[in-house]
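Build me a model from this:
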Amino acid sequence: GGAEVALHKLLAAQRGAVEDVRVVSLLEVGPVGARIEGLGIPVVTLGMRPGRPGLAALARLLRVLRRERPQLVQTWMYHADLLGGVAARLLGIPVVWGVRQGKLGPGDKRLTRLARRVCASFSRWMPTAIVCNSHASVEIHVEAGYSRGKFVHIPNGFDLSRFRPDPELRAALRSDLRIPAGAPVVGLVARYHPHKDHATFIRAAARVRERRPDVHFVLCGTGIDWDNPELCRLIDHLSLRPAFHLLGRRDDVERVYPGLDVACLSSATESFPNVLGEAMACGVPCVATDCGEVRELIGDTGRVVPPRDPPALADGMIELLDLDPRVRQVLGVGARERVKATYDIEAVARRFTEVQLWAVGGATSSPHLGSGPSRGSA
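Residues are numbered from 1 along each chain as shown. Have a look, this model is predicted:
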């Protein structure tokens, strides 16, 4: 998921700035945990059942912290905030929480809602700071009872050396998928999950095909394959199978983005979507739904439309596809420059280091709690 990927990017960028790091996973190591281990960073697991931070997991975490004796505990997401916060405070270790949810709603699991309510109550005294990756997420959590003064806004960052334009990869994607060289390609990189709202994307794609029958759609992510019966029903109901290419989970998305003419995100809720920043870094203009930090991220380099609105999403895609290719390329160049100016992973990593040093008393000045890049400042 996006939170794990963001952590991996941060750890890779902070090597040298942070001398000694250990990662504790509530659940199994998983594919991103394996990539973190590939950085030379040990990953230990608590063996917790999904969504159930119990006393056994707390006891295991306490043993880990007593053994490692860290200067700082940094946590990501509600259950980790609660479990890590309790353990750290029991041992007198400062803790920095991480909040990355872009929308609160009845669809959240009961234990997730409970963890959030407890964290809101504890937020005034338990964490030294709370790092949040979107302004919208700050506001909804303050409304839910979190202490505003504890928040530090730090957006996600992107590796511009990994994600970059590449004409050869553009040709390779079309060749691999047997897409005509001149055909326009729209991409969606997202796991199959209700929050990603693939149904809206597919309905929008049908409208796009009515006006641009030569368009192809490339989708990838966990659960995005022809073995997913629900996804296949959505596609086949609108007779779109010939235009759709489902690639499944890809750990080399940097080879997919450069092949796109337009990148799309149809999510009903987001905080700060990594996939848009990655596509923009590859010089691809985006059309996405207006949630979380999307509008601030895209700026004037793409199109932002209302969530759950297939006609609006289709119009956004068509508008970008109908541009002269040279104009679309200018938008793509602007998108990469926008990422470079504000969301370069090196600058984001320095901001995290600033907060970490302040939390352990290694910096005399405040990290400007409640601040971060202002809206529209990029």
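
Mind jotting down where the helices sit in the stretch 201-350 of the chain?
With DSSP state H, counting those that start in this stretch as the criterion, the stretch 201-350 of the chain has helices at 229-237, 274-281, 294-298, 310-321, 325-342, 345-359.

do you know which of those helices lies nearest R212?
helix 310-321 (6.0 Å; Cβ to Cβ). For the C-beta atoms, the positions are set from N, CA and C on the backbone; glycine is no exception.

re the thing from before, so which of the helices of the stretch 201-350 of the chain gets nearest E37?
Checking the helices of the stretch 201-350 of the chain against E37 by Cβ to Cβ gives helix 345-359 as the closest, at 19.2 Å.

other SSEs contacting the closest one?
Counting contacts by 3 or more Cβ pairs under 8 Å, 6 or more residues apart in numbering; DSSP states H and E, helix 345-359 packs against helix 2-14, strand 95-99, strand 129-132.

so what's D225 up against?
D225 makes contacts with 231, 246-248, as judged by Cβ atoms under 8 Å, 6 or more residues apart in numbering.

and with 6 Å instead?
D225 is in contact with 246, 248, counting by Cβ atoms under 6 Å, 6 or more residues apart in numbering.

could we number from 47 for the rest of this?
Noted, 47 is the first residue going forward, which turns the last one into D271.

what about it, distance to H291?
Using Cβ to Cβ, to the nearest Å, D271 is found at 11 Å from H291.

And I344, by the same measure?
Relative to H291, and taking Cβ to Cβ, I344 is found at 24 Å.

Compare the two (neighbour count), which wins?
I344 (23 against 19; other Cβ atoms under 10 Å).

Next, count neighbours for P331.
Using other Cβ under 10 Å, the number of residues around P331 comes to 26.

Was I right to think it contacts Q375?
No: between P331 and Q375 there is no contact, the gap being 8.9 Å when judged by Cβ atoms under 6 Å.

circling back to that earlier point, out of the helices of the stretch 247-396 of the chain, the one nearest V235 is which?
helix 320-327 (4.5 Å).

Now do the closest one: which elements does it pack against?
On a contact count with 3 or more Cβ pairs under 6 Å, 6 or more residues apart in numbering; DSSP states H and E, helix 320-327 meets strand 332-335, helix 371-388.

hmm, 10 Å instead?
Judged by 3 or more Cβ pairs under 10 Å, 6 or more residues apart in numbering; DSSP states H and E, helix 320-327 is in contact with helix 48-60, strand 231-235, strand 308-311, strand 332-335, helix 340-344, helix 371-388.

need the ones you listed in CSV with distance to V69 and mean pLDDT, can you?
Formatted as CSV, the helices and strands packed on helix 320-327 follow (distance: least, Cβ to Cβ, whole Å; pLDDT from 0 to 100):
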stretch, distance to V69, mean pLDDT
helix 48-60, 7, 86
strand 231-235, 25, 98
strand 308-311, 28, 98
strand 332-335, 30, 98
helix 340-344, 27, 95
helix 371-388, 26, 96
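
Output these in a markdown table; the columns should cover distance to Q117.
Shown next, in a markdown table, are the helices and strands packed on helix 320-327 (distance: least, Cβ to Cβ, whole Å):
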| stretch | distance to Q117 |
| --- | --- |
| helix 48-60 | 14 |
| strand 231-235 | 37 |
| strand 308-311 | 38 |
| strand 332-335 | 39 |
| helix 340-344 | 33 |
| helix 371-388 | 29 |
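
mind checking which of these is nearest K196?
Nearest to K196, of all the helices and strands packed on helix 320-327, is helix 48-60, at 19.0 Å by Cβ to Cβ.

Thanks a lot, see you next time.
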